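Q: with the input below, show me the fold.
(chains A and B)
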Amino acid sequence: MTTMTMTGDAAMASPQDAPLRPPAPGAAFSHDTQAPLAAPQPGLAASSSTNADAEWLRKVFKAILPPILGLALLIGIWYVGTAGADARIPGPGKTWEAAVALFSDPFYREGPNDQGIGWNVLASLQRVAIGFGIAAAVGIPLGFLIGRFATLSAMVNPIISLLRPVSPLAWLPIGLLVFQRADPAATWTIFICSIWPMILNTAQGVSRVPQDYLNVARVLNLSEWKIFTKILFPSVLPYMLTGIRLSIGTAWLVIVAAEMLTGGVGIGFWVWDEWNNLKVEHIIIAIFVIGIVGLILEQCLVLLAKRFTYETR
Amino acid sequence: MKKIVQIENVGQTFDTKNGKFVALRDVNLDIREGEFVTLIGHSGCGKSTLLNLIAGLTKPSSGSMLCDGREIAGPGPERAVVFQNHSLLPWLTCYDNVYLGVERVFGGKEGKARLKERTHAAMALVGLSHAEIKYPHEISGGMKQRVGIARALAMEPKILLMDEPFGALDALTRANLQDELMKIMAATGATTVMVTHDVDEAVLLSDRVVMLTNGPAATIGEILDVKLEHPRNRLALANDPHFVECRAAILEFLYQKQLKKAA
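A: Here you go, the predicted model:
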């Protein structure tokens, strides 16, 4: 049998029962009752289709116009603020030129300290992926255990409350001391900072599994494995994905700071390097790149979470 | 007739912040094979508590409960429950929701083809063959409740326990489902205990109506035998003297003997 059929399939199933459209002539007639009966039919059809087009265009404008205006405003302020001859921060024009030059060759390699921005971003993403991956592998099962066993929860909760608010960078020296190398220390920092949201959200999800579903499990006398796969896991999944989303966000925040301190290749290190080179326009580009990558990561996970959220009623 | 469930001197006490709360006391009731029993009473009188005890979801504080001669130690598929809020798993299709129970009960001794057959048959019994591939959120409340009934019946329980199954539905859907349920009962002959607060529903469906006194410390007040032939027709019954009599007896019990003080 299909073990994990999720809502995505439902979307494919539903058209079968979609209400039948009324036949076309009737629809055209009811569409415009004020039109004289003698109105030529082709004209009517054409005008209704342009109406639909206009409606669609209006919707698109409504959706994309405000964000574009906001961005334009930001660039405008940036432009005005950096317009003076003695401005220390480069304006949009200068930054754009630098960005074009930079992105025309993002993947070059000239020694360990001079690599393209593409390599730097990928190096950071790799660190985040490793640190976050280990955090997920540890945090999610731990969250399940904490959610399931009240004693464990009572044991671990004070520790979590104590450690969670600690700044990521406070963990870095511990990592350096233990691993003796910069790279695993950065990964360690990502790990320790991104593990908390996953533990807490997973645990919360487990403790919020509706009692009704657990009663169903009891009446059907389901095995522990079935309870886990059919009830626990699907109902915790949305909470888990929220935890993952928060974790990735934190990880991406932390990596820049960690790399600034540890060096090597990576977007954080690159920012620091460009600061030492006094290429301020590159720092601004890096800020945009970091923001955009973070946004993409977040959106991917939002999409994923939507896929696995069920209407419960 | 064979007794499916025997309830002897059962009491239920809950520990609350304000000390002990006696929900039920001295409940004695036998449920015979093939009969349809409804539990009726004012809200808070412990009818659902009693049903949960039969289901095994809670354990009695005192007394003994037997199902088919054996002590009820916990919930199990031989006492299938239809929950008030349907409790279908939203991530499974209607078919898979029913299959989950079928697989658990018959998976050990029957092949996959037979399990599928059983699931299809249960969906057909409640008239929802066309909705098998739908998810619970895609169907109406009445349909969800029918899937709940299908899930319970597909496990071929010794007894079917229904906790206000139609309580959340509108009057028309409810009447439809009552008729539907009567047909299903005629077809399967399942022993059923149903909790309700609807007097007409109780008389229409039951062989016996068990009336509970008001809580706290509720117990069985009266038991009314409804001696009406099956199959029953709601339109014909409206003027049937025995139907009217039964209805009046329950109303009298609920609104004169057990009038609930305004809360």
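Q: measure stretch B:192-205 end to end?
A: Start-to-end span of stretch B:192-205 (C-alpha to C-alpha, to the nearest Å) is 10 Å.
Q: enumerate the residues of the stretch 1-150 of chain B near chain A.
A: Within the stretch 1-150 of chain B, the positions adjacent to chain A are B:55-57, B:74-77, B:79-81, B:83, B:85, B:87, B:89-93, B:96, B:99-101, B:103-104, B:112, B:133-135, B:137-138 by C-beta under 8 Å from any C-beta of the partner chain. All C-beta spots, glycine's among them, are computed from the backbone N, C-alpha and C.
Q: in ChimeraX, how would I select the buried members of those residues?
A: In ChimeraX, this line selects whichever of the residues of the stretch 1-150 of chain B next to chain A come out buried by 16 or more other C-beta atoms under 10 Å in any protein chain shown:
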select /B:55,56,57,75,76,77,79,80,81,83,85,87,89,90,91,92,93,96,99,100,101,103,104,133,134,135,138
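Q: list the buried residues of stretch B:60-76.
A: Those would be B:Pro60, B:Ser61, B:Gly63, B:Met65, B:Cys67, B:Ile72, B:Pro75, B:Gly76, for stretch B:60-76 by 16+ other C-beta under 10 Å.
Q: and the fourth one, what is it in contact with?
A: To tie it back to what came earlier, the one meant is B:Met65. B:Val5, B:Gln6, B:Ile7, B:Glu8, B:Val10, B:Leu53, B:Ile54, B:Glu71, B:Ile72 (C-beta atoms under 8 Å, 6 or more residues apart in numbering or on different chains).
Q: nearest residue to B:Lys227 other than its sequence neighbours?
A: B:His242 (6.3 Å; C-beta to C-beta, 6 or more residues apart in numbering or on different chains).
Q: got the contact list for the one you found?
A: So B:His242 contacts B:Val226, B:Lys227, B:Leu228 (C-beta under 8 Å, 6+ apart).
Q: make it 10 Å
A: B:Val203, B:Val226, B:Lys227, B:Leu228, B:Glu229 (C-beta atoms under 10 Å, 6 or more residues apart in numbering or on different chains).
Q: part of a strand, is the last one?
A: Spelled out, it's B:Glu229. No - if the criterion is DSSP: H, G, I helix; E, B strand; the rest coil, then B:Glu229 is coil and not within a strand.
Q: out of the buried residues of stretch B:60-76, which is nearest to A:Thr187?
A: B:Pro75 (47.3 Å; C-beta to C-beta).
Q: pretty sure A:Arg109 is touching A:Trp119, no?
A: Yes - look at A:Arg109 against A:Trp119 with C-beta atoms under 10 Å: they come within range, at 6.8 Å.
Q: neighbours of B:Thr173, how many?
A: 16 (other C-beta atoms under 10 Å in any protein chain shown).
Q: actually A:Phe179, not the one I typed
A: 14.
Q: same thing with A:Leu152?
A: 14.
Q: by contact count, what packs against the strand or helix carrying it?
A: Using DSSP states H and E, A:Leu152 sits within helix A:150-163. Here helix A:150-163 touches helix A:117-148, helix A:182-207, going by 3 or more C-beta pairs under 10 Å, 6 or more residues apart in numbering or on different chains; DSSP states H and E.
Q: related to what we said a few turns ago, which of the contacts of B:Met65 fall within strands?
A: B:Val5, B:Gln6, B:Ile7, B:Glu8, B:Val10, B:Glu71 (DSSP state E).
Q: and the longest helix along chain B, which residues are buried?
A: For chain B, the helix that runs over the most residues, judged by DSSP state H, is helix B:171-188. By neighbour count on 16+ other C-beta under 10 Å, the buried set for helix B:171-188 is B:Thr173, B:Arg174, B:Ala175, B:Leu177, B:Gln178, B:Glu180, B:Leu181, B:Met182, B:Ile184, B:Met185.
Q: now, the most widely separated pair of those residues?
A: Among the buried residues of helix B:171-188, B:Thr173 and B:Met185 lie farthest apart (C-beta to C-beta), at 18.2 Å.
Q: quick one on the thing from earlier: from the buried residues of stretch B:60-76, which is closest to chain A?
A: For the buried residues of stretch B:60-76, the closest approach to chain A (C-beta to the nearest C-beta) belongs to B:Pro75, at 4.3 Å.
Q: tell me the predicted confidence for the closest one.
A: The model reports B:Pro75 with a pLDDT of 91.
Q: B:Glu252 now?
A: Per-residue pLDDT puts B:Glu252 at 91.
Q: what of B:Arg114?
A: The predicted local confidence for B:Arg114 is 93.
Q: and if you look at B:Ala152?
A: B:Ala152 is assigned a pLDDT of 92 by the prediction.
Q: now it: closest residue in space that isn't a chain neighbour?
A: Spatial nearest neighbour of B:Ala152, chain neighbours left out: B:Ala80 (3.6 Å); criterion: C-beta to C-beta, 6+ apart.
Q: surely that neighbour touches B:Arg151?
A: Yes - between B:Ala80 and B:Arg151 there is a contact under C-beta under 10 Å: 7.7 Å.
Q: need the residues touching each of those two.
A: Shared contacts of B:Ala80 and B:Arg151, defined by C-beta under 10 Å, 6+ apart, comprise A:Val219, A:Leu220, B:Gly101.
Q: how deep is the second one tucked in, by neighbour count?
A: Other residues near A:Leu220 come to 26 when the count uses other C-beta under 10 Å.
Q: show the contacting residues for it.
A: A:Leu220 touches A:226-227, A:230-231, B:75-77, B:80-81, B:100-105, B:151-152, B:155, counting by C-beta under 10 Å, 6+ apart.
Q: again, but for the first one
A: Contacts for A:Val219 (C-beta under 10 Å, 6+ apart) come out as B:55-57, B:74-77, B:79-83, B:87, B:101, B:104, B:151-152, B:155, B:157, B:161.
Q: repeat the analysis, applying 7 Å as the threshold.
A: B:Ala55, B:Pro75, B:Pro77, B:Ala80, B:Val81 (C-beta atoms under 7 Å, 6 or more residues apart in numbering or on different chains).
Q: quick one: residues contacting the third one.
A: When contacts are counted by C-beta under 7 Å, 6+ apart, B:Pro77 is found next to A:Val219, A:Leu220, A:Asn221, B:Gly101, B:Arg104, B:Val105, B:Met155, B:Pro157.
Q: and with 6 Å instead?
A: Each residue near B:Pro77 by C-beta atoms under 6 Å, 6 or more residues apart in numbering or on different chains is listed here: A:Asn221, B:Val105, B:Met155.
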